[in-house]
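Enquirer: no sequence for this one, just the structure:
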């Protein structure tokens, strides 16, 4: 089960590295950032806008753990798109960390023998008689839809234009459905996941756009296709918002 616990996985070395990077980027003594850490907690350092570029460019950042790097990039991308919710960033970063392992993205659970290649196949398990499996399927529908549409939007758009595949709105709709059903499941409340899953359902489109920015900048920075340009324009001017003439 994927939990909103990325920050809880951060170690002392992560905090020390973040302090050094922020201090260097701001040109101030590390002691000043350490005082901020002591007074306001680690979140104040992780939320500093100079940290993401420092993690991408500074040689010392090579020592950053995957939880630190993933959380900071997701957190700041979400804030840039208007989703200032730490538990949501925690959860989304956790999806990236789990799904980056082998074929975990295609499994309902880490030790599940079955694999699923499509959202429709996952949807067939939403009302499984086994309550834990039904909950895992619902959460996984949201997680997998977000993973695909968030990190691989160009692939989705190319399949749409060349092969008539589903568009990003389909993934958003399915992902929202999965998160919404998972949030209402009793197991979500037992594990403290109800609020974050409900938020993920409500803000799925915003989160997808934030992850698209992470993907465009970090994973596939040299892609310049008409499909990407069209997607970015659509995200800049959603259907319910039109540019002024």
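Expert: Structure received. Keep in mind that this is a model prediction, so the values were computed, not measured.

Enquirer: which SS state does residue 125 fall under?
Expert: With DSSP: H, G, I helix; E, B strand; the rest coil as the basis, residue 125 sits in coil.

Enquirer: what's the distance between it and residue 11?
Expert: Residue 125 is 36 Å from residue 11, where distance means C-beta to C-beta, to the nearest Å. Where C-beta positions appear, they are placed from N, C-alpha and C, glycine not excepted.

Enquirer: and the two? Which one has more around it.
Expert: Using other C-beta atoms under 10 Å as the criterion, residue 125 and residue 11 rank with residue 125 on top: 18 against 11.

Enquirer: dump the residue contacts of that one.
Expert: 108, 116, 133-134, 137 (C-beta atoms under 8 Å, 6 or more residues apart in numbering).

Enquirer: what residues are up against residue 235?
Expert: Neighbouring residues of residue 235 by C-beta under 8 Å, 6+ apart: 209, 212.

Enquirer: related to what we said a few turns ago, could you dump the contacts of residue 125 to TSV with distance to residue 174?
Expert: Shown next, in TSV, are those (distance: C-beta to C-beta, whole Å):
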residue	distance to residue 174
108	15
116	12
133	18
134	16
137	12
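
Enquirer: next secondary structure element downstream of the worst-scoring helix or strand of the chain on mean pLDDT?
Expert: In the chain, no helix or strand scores lower on mean pLDDT, DSSP states H and E than helix 153-163, which sits at a mean of 87. Per DSSP states H and E, the first helix or strand lying C-terminal to helix 153-163 is helix 168-184.

Enquirer: can you name the element that comes right after that following helix?
Expert: helix 186-190.

Enquirer: now find how far off-centre that next one is within its chain.
Expert: 22 Å (C-alpha atoms, centre = their mean, to the nearest Å).

Enquirer: can you list the weak-confidence ranges in this protein?
Expert: Scanning the chain for pLDDT under 70 picks out the ranges 239-245.

Enquirer: off-centre distance for the top helix by length along it?
Expert: As assigned by DSSP state H, the longest helix anywhere in the chain is helix 131-151. On the basis of C-alpha atoms, centre = their mean, helix 131-151 sits 13 Å off its chain's mean C-alpha point.

Enquirer: can you map out the strands along this protein?
Expert: Here the chain has no strands by DSSP state E.

Enquirer: domain parsing for it?
Expert: 1-84, 100-245 (automatic domain parsing).

Enquirer: for residue 93, which of those is the nearest?
Expert: Residue 93 sits nearest to domain 1-84 of all the domains of the chain, at 4.1 Å, using C-beta to C-beta.

Enquirer: now residue 227: closest residue in space that isn't a chain neighbour?
Expert: Excluding its sequence neighbours, the residue lying closest to residue 227 (C-beta to C-beta, 6 or more residues apart in numbering) is residue 157, at 3.9 Å.

Enquirer: fine by me, thanks again.
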